[in-house]
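**Student:** Quick one: sequence and predicted model below, then my questions.
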Amino acid sequence: MNSSTETLQAALDYRFRDERWLQRALTHRSAAHDNNERLEFLGDALLNLVVADVVFHDYPKLPEGDLSRLRAALVRESSLAEIARTLTLGEHVQLGAGELRSGGFRRDSILADTLEALIGAVFLDGGFDAARSLCLHLLKGPLAELPDPAQLKDAKTRLQEFLQARSRPLPDYQVVTEEGPAHRRHFAVNCTLGDDVLTTVGEGASRKVAEQRAAQQMLDLLERAPRPATDQGRLDHA
């Protein structure tokens, strides 16, 4: 057992009985045929189950949609990659020459996949309770800092709920421009309210991104605007 492996196991708060599982979990497909892809598949399922169980019991009044958003915030690639960095996992991943040259040990996707592979390896080495304990250990900080589920909704959803709560029609999104080559498209999208003169424009590398930005701008305008004393509760933007 080398000192590097010893340090990693201490950070995981788990000691492998069969260190071959650990070595496989740390081996990227670019480095060897016997790699961590299957362990990643298993670890992903285990992580989602543990997180679902935690948020289900910790938030007994939340509907399914909010629970799903909380789980997604915890298990998304960028979140897992940040956890992997706290473990300095990039220093332990075994990569092929090409991935090493391209800085694969810093890439979010490789770090997140390796973290999931470690969870799968712990499950096979020590059973479900050990894997669950590892998940809770890794997510201790993020679980304590979960935001209000409403903050996790995308801008289009939040705008829709804002308007529905005020009995207003839903916004209309129209592509204004679509430019650039196939590999570098640029979209501009208008967001218009059917009962108002307000229009906002969002831009991005995809229609979806442009729509979200236009919706966020519209929501910002509506939330800042004073509410007049009218029988419909309409916002006055004059």
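**Tutor:** Looks like it arrived, so ask away.

**Student:** ok, now how distant is the residue nearest in space to the middle of the chain from Asn36?
**Tutor:** Closest residue to the average C-alpha location of the chain: Arg76 at 2.9 Å, with CA atoms, centre = their mean. Distance of Arg76 to Asn36, computed by CB to CB, to the nearest Å: 19 Å. The way it works is simple: take the backbone N, C-alpha and C, and place the C-beta from them, glycine included.

**Student:** Ok, Leu49 next?
**Tutor:** For Leu49, the distance to Asn36 (CB to CB) stands at 19 Å.

**Student:** These two - which one has more neighbours?
**Tutor:** For Leu49 versus Asn36, neighbours defined as other CB atoms under 10 Å are more numerous around Asn36 (28 against 15).

**Student:** Excluding covalently adjacent residues, which one is nearest to the more buried one?
**Tutor:** Nearest residue to Asn36 in three dimensions, chain neighbours excluded: Ala117, at 3.7 Å (CB to CB, 6 or more residues apart in numbering).

**Student:** Can you name every helix or strand that whatever helix or strand that neighbour lives in contacts?
**Tutor:** Applying DSSP states H and E as the criterion places Ala117 in helix 108-126. Helix 108-126 is packed against helix 19-25, helix 37-58, helix 77-86, helix 128-138, with contacts defined by 3 or more CB pairs under 8 Å, 6 or more residues apart in numbering; DSSP states H and E.

**Student:** next one: the shortest one to chain centre, how far?
**Tutor:** The gap between where helix 19-25 is centred and where its chain is centred comes out at 27 Å by CA atoms, centre = their mean, to the nearest Å.

**Student:** what helices or strands is that helix leaning on?
**Tutor:** With contacts taken as 3+ CB pairs under 8 Å, 6+ apart, helix 19-25 sits against helix 3-12, helix 37-58, helix 108-126.

**Student:** One more: the last one?
**Tutor:** For helix 128-138, the contact count by 3+ CB pairs under 8 Å, 6+ apart identifies helix 3-12, helix 37-58, helix 108-126 as packing neighbours.

**Student:** Most tightly packed of those?
**Tutor:** Across the helices and strands packed on helix 128-138, averaging neighbours per residue (mean count of other CB atoms under 10 Å) puts helix 108-126 on top, at a mean of 23.

**Student:** Quick one: mean pLDDT over stretch 24-34.
**Tutor:** For stretch 24-34, mean pLDDT rounds to 95.

**Student:** Determine how far that stretch lies from the middle of the whole chain.
**Tutor:** Mean C-alpha position of stretch 24-34 versus that of the full chain (CA atoms, centre = their mean) differs by 25 Å.

**Student:** Also stretch 39-49?
**Tutor:** Distance, stretch centre to chain centre, for stretch 39-49: 15 Å (CA atoms, centre = their mean).

**Student:** what does stretch 215-225 give?
**Tutor:** Using CA atoms, centre = their mean, the distance between the centre of stretch 215-225 and that of its chain works out at 24 Å.

**Student:** So for it, mean pLDDT?
**Tutor:** Averaged over stretch 215-225, pLDDT sits at 88.

**Student:** Show me how the chain divides into domains.
**Tutor:** By the record's domain assignment, the chain is partitioned as 3-147, 153-224 (automatic domain parsing).

**Student:** By mean pLDDT, show me the worst of the ones you listed.
**Tutor:** Ranked by mean pLDDT, the domains of the chain bottom out at domain 153-224, which scores a mean of 90.

**Student:** end to end, how far does that domain reach?
**Tutor:** End-to-end distance for domain 153-224: 19 Å, by CA to CA, to the nearest Å.

**Student:** From Ala131, how far off is the spatially closest residue to Arg106 that is not a sequence neighbour?
**Tutor:** The spatially closest residue to Arg106, leaving aside those adjacent along the chain, is Gly90, at 5.9 Å (CB to CB, 6+ apart). From Gly90 across to Ala131, the span is 22 Å (CB to CB).
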